[in-house]
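J.: Provide a 3D model corresponding to the input given below.
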Amino acid sequence: MADEGSVRVDLWIWSVRLLKTRSQATAACRGGHVRVNDERAKPATPVKPGDEVRVRHEGRERIVVVKKVIRKRVGAPVAAECLVDNSPPPPPRGMLMPVARRERGAGRPTKRDRRELERLRALDQLAASRRAQD
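T.: You can find the predicted model right below:
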């Protein structure tokens, strides 16, 4: 199960359960969402113990250090032993921007509705930048 050599980064990301499927891991590498030691990684980039892997997925960045190299997908407790998670904590649910919802059957938004939404988003971004400065 463990190998002290190296393994493909897409296979390792899938094996330690950072992403759900191998094809998602490969697509993330091809899309530039995976970095190994601060360099953009292709799917076949080798990783070895001690490497830092950064994965951006669903608006969150995971920062992990490779502790053990594995080639096969294993259970969650075993996978947790193969990495050191240095990721920042996820933002609280209250900090996420709410999704605008329209009543069922209301049709498409008018130009006036769109302008109101854009104005609200601009105000929200302004408030967020002020919170970040404080």
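J.: tell me the contacts of the spatially most central residue of the chain?
T.: For the chain, residue 57 is the residue whose C-alpha lies nearest the centre (CA atoms, centre = their mean; 2.3 Å). Counting by CB atoms under 8 Å, 6 or more residues apart in numbering, residue 57 touches 18-19, 24, 28, 33. For glycine as for every other residue, the C-beta is placed from the backbone atoms N, C-alpha and C.
J.: can you give me the helices for this protein?
T.: Counting by DSSP state H, one finds helices in the chain at the ranges 9-15, 22-30, 76-80, 111-133.
J.: out of those helices, which is closest to residue 45?
T.: Residue 45 sits nearest to helix 9-15 of all the helices of the chain, at 4.6 Å, using CB to CB.
J.: quick one: mean pLDDT over that closest one.
T.: Averaging pLDDT along helix 9-15 yields 96.
J.: by contact count, what packs against that helix?
T.: Contact analysis of helix 9-15 by 3 or more CB pairs under 8 Å, 6 or more residues apart in numbering; DSSP states H and E lists helix 22-30, strand 34-36, strand 46-47, strand 52-57 as its packing neighbours.
J.: mean pLDDT added to these, as CSV?
T.: Formatted as CSV, these follow (pLDDT from 0 to 100):
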stretch, mean pLDDT
helix 22-30, 96
strand 34-36, 97
strand 46-47, 96
strand 52-57, 95
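J.: the ones you listed: which one's closest to residue 10?
T.: Distance to residue 10, taken as CB to CB, is lowest for helix 22-30 among these, at 4.2 Å.
J.: what's the angle from the closest one to strand 52-57?
T.: Using axes from the mean of the first three to the mean of the last three CA atoms, to 10 degrees, the inter-axis angle of helix 22-30 relative to strand 52-57 is 110 degrees.
J.: just the CA trace of helix 22-30, in CSV.
T.: What follows is helix 22-30, C-alpha atoms only, in CSV (Å, rounded to 0.1, in the frame of the first residue of the first chain):
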residue,chain,number,x,y,z
ARG,A,22,-10.0,10.4,-10.3
SER,A,23,-11.4,12.2,-13.3
GLN,A,24,-12.1,15.2,-11.1
ALA,A,25,-8.5,15.2,-9.9
THR,A,26,-7.2,15.0,-13.4
ALA,A,27,-9.5,17.8,-14.5
ALA,A,28,-8.3,20.0,-11.6
CYS,A,29,-4.7,19.4,-12.6
ARG,A,30,-5.4,20.3,-16.3
